[in-house]
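Undergrad: Sequence below, structure please.
(2 chains)
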Amino acid sequence: MNRATLGLAVLIAALAAPPARAQLGLDLSAPAKGQKKRSDAKKKPAAPPRKGKAAPAEKDTLPPAVAPAPTPAPEPQTRAPDPPAAAEPPPPAPRRSEQMPGLTLTPEKPPTAEAKARLEAAKRLLAEGATETAALALDQILRERALSGVHEEARFQRAKALARLKLNHSALAAFDDILERGPGGTRFFHSAMEWMFYVGRGLANEQPLLARVARHSGQGIPPAYEDRVNYLLAKYEFERGRALLDAGRASEARAAWSDARRLVAKVRAAPAAPAAPAAPAKGGKAGKQPKQVKDLPATTDAPPPPDGDAYGRARFLDGLVLYAQGDDQGAIEVFKDVVRLTNPKKFENADEDLRELAFLQLARIHYQNRQNRYAIFYYGKMPWGGERWLEGLWEASYAHYRIGDYEKTLGNLITLQSPYFQDEYFPESYVLKAIVYYENCRYPEARQVLEQFAKTYEPVYDELVKVTGSHRNPDRYFELVRDAAQAPGGGAMRKIMRVAYSDQTVRRLSESIEEVEREMDEGVGERRAEFRSSALAKDLLDKLKASRATLVDEAGARTRAKLEYERDGLRQLLAQALRIQIEVSRKEREALEGSLAKGSQVDVVRDLKYSHAVSDEHLYWPYEGEFWRDELGTYSYTLTKGCKDRINRPKQAAVR
Amino acid sequence: MIPRRVSLALVLLALPALAAAQSKSDAFAGKIPPVSGQLFRVSDRVELTLGAAISLNDAFFTKYFGSVKATYHLGEFWTLGAYGAGGAADPTNSAVLCSSSVGCGNAQQKQLWQVPGSITAIVGLEAGWTPVYGKLNVLAEQVAHFDLSILAGPDLVLHDEVLSFADAERLATAGGSPGQKMAFGGHVGVGARLFLSEWGAIRLEVKDLFYPVEVPNNAALGTDWQNQLFTEIGFSFFFPTRNRPVR
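TA: Residues are numbered from 1 along each chain as shown, chains lettered A, B, ... in the order given. As a prediction, the model looks like this:
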């Protein structure tokens, strides 16, 4: 049992290991002016943050688009937290206005007639759908100092054109140029903010958006986006809190989580009504305000803001914060609330992914509190074949083990170790299997499992030591893992590479890298020659290349941290397996000695009572070595022999 | 392959619907194969089947054939084979003639010579596609593994010559019997195997044999294409007698 607990501790440590947050564009420094105001709000006294405690909420805690990074250990270095950095790097500072047409430093002159005509012509092109030509024309306007009177609007229109061309990362960088000026510096601030959300919807993940929201939201939020912004800021604060905790700044972490809860509370249950035209930017140039109305995404080609999906996610986030603050009961109630909010029978378009996550968190909290049957109940709610189903099955194995349901434990392990999931990485499943056999006095089987485990995973550990011990650039780590994960074929090393690749942060970064690459190769590279050879295309490609390089470096560093974490975890498991093996040998020796002393065979293993009977709702299918995919997850191992007297329960090989 | 454990009748009746239902409900469809570690694998093995066939729904002759078939399994799904079958064609009980003058009576031999369907032997080639591998729950605790195939191939059909009324009369008077003729035809059908072990299986087939035959009594028709339904049951032996190891 102790060994099992140790194994469990490894699992829990895997779930609880805080990631290196500083890589995610989080600002661990003192709150900025705008944020300071928020943090001054009345805070509830928070329970001590948990670190080292089993943390079910740590892995896959948020919906994929918003989840914090899961398992890997923090980066080993103990350097001071990084200054704020976006997942996608902010645009480099301009050197000369000629080189950066979007950021001219010369004061804007009143628009000349020619400038107005040129701008109108470009806008007409945009309105007519000649977006590429419009983008080029607008870019040309921005390159001519003589037309600086319309640069402000041209800059916005060019960003819009890029968004319409689906050059999302380029468009975000272009809107950054506008947002950096603040509402006082440009009348297009709010429009740019709305467009930023619109473009963000087209991204594979929200990380680039999150970093930008955190950066710019202090300067004003479009009313229609308040809920969403509050949710994103809350998430940002939650992740920031975790990063602060990792950095050993517990009191600041608590403050961040309190802020997160305060922001979450602002998210309304009912979706905000579609916004009226955004209020004119304060300090904007008088006489130009009405034009802003035309630039609202809702009135052009941008869809309306997402309706109400922020509330459920915000509630979920609230549960995570409560859990982080040590309020398990409060977290449970909130997660139950999320389950109710996402009931597909009551709500159309219920967020099933969020529901699945809420169930998983409920299961983990109950498991952590040794309420194993509740945990099993909630683990059983994972949709069959869903994204987290296998993970739930694996964790449920431990809960079954705790209540002595070895049949179901071993049955779940049959699924995990089936050929279907040969690329999945569950090394600890071998250890758990060996423990179950050991506890049932099935020493030969336990020994066999451990030998198989050592044979499979010792080479993997050696390889991991080699990989993590070698000096290579972070980008090489990322390339290594990505190539291995995407290559066909099997092999244990590939499993671990896949695990590294499936790390949430690595995956998010990887998605962004792929998006940037696609934008370079297809978004820009496959446009007509006139566009490809333009100065605009060159600028875009330069920025995208720089962005990619930063992302790859970040992903590489994260990958390395993940591989090191897996290496250490595997080392512990191998050591644990060795200890079990020694224990198995000792038991076998004792049996042999007892046999010699008595002059006869010692009957360690007795026949167990078992039955093939199943309930009326099930069918019995004996497992004969053949795996049927519709049976996955339903296996129950029939223990016919053992040394433990257990309650007699129906057993079946696979029930349907 | 489509894994479904439903009654054989349902499988036969509702295959397309099943496939559709599965793709909707099976989270792993398209991601992982339906069956792994298949107990009964036929790939790269030779199947020798000894069987017995009987014709169905022929108005004039019931054929009782013995058959032997050799099939090579190119993979789990595709087969190529050759077979031969032969036996007797007996008049059916429904070959009855009724007239207002003499009433009803069994058709005479010379009358039966004027109708097609008296097949005495068939040899042919056969290609098969086996898209379905399934298992059935039998009496709660037993499991029967089966597969379902679609079969087709060309045939050489040996049958009795169909005579005209005059020729039949003449031959009957002379005490002879009609000659044999060969015709190139083909067949399509469905087959099922019920696996008993790695080396043996019960094989069931239903197929439609079609071949051209000259019917002199119906000159306007000229060559008539005959359709003969056969059902066959046999026992298959697989060689080698164990599953080939998975590569």
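Undergrad: Just confirm residue A:604 is within a strand.
TA: No: Residue A:604 is assigned coil when assessed by DSSP: H, G, I helix; E, B strand; the rest coil, not a strand.
Undergrad: show me what contacts it?
TA: A:441, A:443, A:591, A:643 (C-beta atoms under 8 Å, 6 or more residues apart in numbering or on different chains). From N, CA and C alone the C-beta is placed, and that goes for glycine too.
Undergrad: Would you quantify the distance from it to chain B?
TA: The gap separating residue A:604 from chain B is 30 Å, by C-beta to the nearest C-beta, to the nearest Å.
Undergrad: go on, residue A:642?
TA: Distance from residue A:642 to chain B, by C-beta to the nearest C-beta: 23 Å.
Undergrad: Give me the three-state assignment for the residue in chain B sticking out farthest from the centre.
TA: Residue farthest from the centre of chain B, counting by C-alpha atoms, centre = their mean, is residue B:101 at 41.4 Å. Put simply, residue B:101 is coil when judged by three-state DSSP.
Undergrad: Report pLDDT for it.
TA: Per-residue pLDDT puts residue B:101 at 84.
Undergrad: What of the one 3 residues further on?
TA: Confidence at residue B:104, expressed as pLDDT, is 86.
Undergrad: Excluding residues flanking it in the chain, which one is nearest it?
TA: In space, and not counting its chain neighbours, residue B:104 is closest to residue B:98: 3.9 Å by C-beta to C-beta, 6 or more residues apart in numbering or on different chains.
Undergrad: Work out for me the element that neighbour sits within.
TA: Per DSSP states H and E, residue B:98 falls inside strand B:96-99.
Undergrad: Which phi and psi values does residue 223 adopt?
TA: You didn't say which chain, so I picked chain A. phi -50, psi -40 (degrees, to the nearest 10).
Undergrad: Wait, chain B was what I had in mind.
TA: Dihedral angles (degrees, to the nearest 10) for residue B:223: phi -80, psi 130.
Undergrad: repeat for residue B:40
TA: Torsion angles, degrees, to the nearest 10, at residue B:40: phi -120, psi 100.
Undergrad: quick one on the thing from earlier: what's in contact with the strand holding residue B:98?
TA: Contacts for strand B:96-99 (C-beta under 8 Å, 6+ apart): B:104-107, B:111.
Undergrad: So which bits of chain A are right by chain B?
TA: Proximity of chain A to chain B (C-beta under 8 Å from any C-beta of the partner chain) is limited to residues A:383-386, A:389, A:418-420, A:612, A:619-622, A:624-630, A:632, A:656.
Undergrad: Which of these are buried? Put it as a PyMOL command.
TA: Here is the PyMOL selection string for the buried members of the residues of chain A next to chain B, based on 16 or more other C-beta atoms under 10 Å in any protein chain shown:
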select buried, chain A and resi 385+386+389+418+420+620+621+626+627+628+629+630+632
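Undergrad: ok and the residue in chain B nearest chain A?
TA: Proximity of chain B to chain A (C-beta to the nearest C-beta) peaks at residue B:27, 2.3 Å away.
Undergrad: Can you pull the residues of chain B lying near chain A?
TA: B:3, B:5, B:26-28, B:32-39, B:135, B:137, B:140-141, B:143.
Undergrad: Run the chain-centre distance for the strand holding residue B:98.
TA: 32 Å (C-alpha atoms, centre = their mean, to the nearest Å).
Undergrad: Touching whichever helix or strand comes after that strand from outside, list them.
TA: Sequence-wise, the next helix or strand downstream of strand B:96-99 (DSSP H and E) is strand B:103-106. Contact with strand B:103-106 is made by B:91, B:95-98, as judged by C-beta under 8 Å, 6+ apart.
Undergrad: can you put these in TSV and add pLDDT and neighbour count?
TA: Listed next are the contacts of strand B:103-106 as TSV, based on pLDDT from 0 to 100; neighbours: other C-beta atoms under 10 Å in any protein chain shown:
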residue	pLDDT	neighbour count
B:91	91	20
B:95	80	19
B:96	84	12
B:97	84	12
B:98	85	8
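Undergrad: Name the SS class of residue A:349, please.
TA: coil.
Undergrad: Compute the distance between it and chain B, please.
TA: Residue A:349 is 19 Å from chain B, by C-beta to the nearest C-beta.
Undergrad: From residue A:358, how far out is residue A:266?
TA: Per C-beta to C-beta, to the nearest Å, residue A:266 is found 21 Å from residue A:358.
Undergrad: Which residue of these two possesses the greater neighbour count?
TA: A direct count of neighbours by other C-beta atoms under 10 Å in any protein chain shown for residue A:266 and residue A:358 places residue A:358 higher, at 26 against 14.
Undergrad: pretty sure the more buried one belongs to a helix, no?
TA: Yes: counting by three-state DSSP, residue A:358 is located in a helix.
Undergrad: Please identify the nearest residue in space to it, excluding sequence neighbours.
TA: Residue A:358 sits nearest to residue A:338 (C-beta to C-beta, 6+ apart), 4.0 Å away.
Undergrad: for the helix or strand where the one you found lies, which positions count as buried?
TA: Element membership for residue A:338, per DSSP H and E: helix A:328-341. Going by neighbour count (16+ other C-beta under 10 Å), the buried part of helix A:328-341 is A:328, A:330-332, A:334-335, A:337-339, A:341.
Undergrad: Repeat that for stretch A:372-389.
TA: A:372, A:374-379, A:381-382, A:385-386, A:388-389.
Undergrad: And these, which is closest to residue A:597?
TA: Taking C-beta to C-beta as the measure, residue A:597 lies nearest residue A:372 of the buried residues of stretch A:372-389, at 39.7 Å.
Undergrad: wait, that closest one sits on residue A:397?
TA: No: Residue A:372 sits out of contact with residue A:397 when judged by C-beta atoms under 8 Å, with a separation of 11.3 Å.
Undergrad: hey, where'd the strands end up in chain B?
TA: B:35-36, B:46-56, B:61-73, B:78-91, B:96-99, B:103-106, B:119-138, B:142-160, B:180-195, B:200-214, B:223-239 (DSSP state E).
Undergrad: Which neighbouring elements make contact with the fourth one?
TA: Judged by 3 or more C-beta pairs under 8 Å, 6 or more residues apart in numbering or on different chains; DSSP states H and E, the packing partners of strand B:78-91 are strand B:46-56, strand B:61-73, strand B:119-138, strand B:142-160.
Undergrad: Make a markdown table from the ones you listed and add mean neighbour count to it.
TA: Shown next, in a markdown table, are the helices and strands packed on strand B:78-91 (neighbours: other C-beta atoms under 10 Å in any protein chain shown):
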| stretch | mean neighbour count |
| --- | --- |
| strand B:46-56 | 18 |
| strand B:61-73 | 19 |
| strand B:119-138 | 19 |
| strand B:142-160 | 18 |
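Undergrad: Just the terminal-to-terminal distance for stretch A:417-435.
TA: 16 Å (C-alpha to C-alpha, to the nearest Å).
Undergrad: May I have the phi/psi pair for residue A:401?
TA: phi -60, psi -40.
Undergrad: now residue A:229, nearest residue through space, not along the chain?
TA: residue A:221 (4.7 Å).
Undergrad: One more: residue A:336?
TA: The nearest residue in space to residue A:336 (C-beta to C-beta, 6+ apart) is residue A:362, at 7.0 Å.
Undergrad: Good, we can wrap up now.
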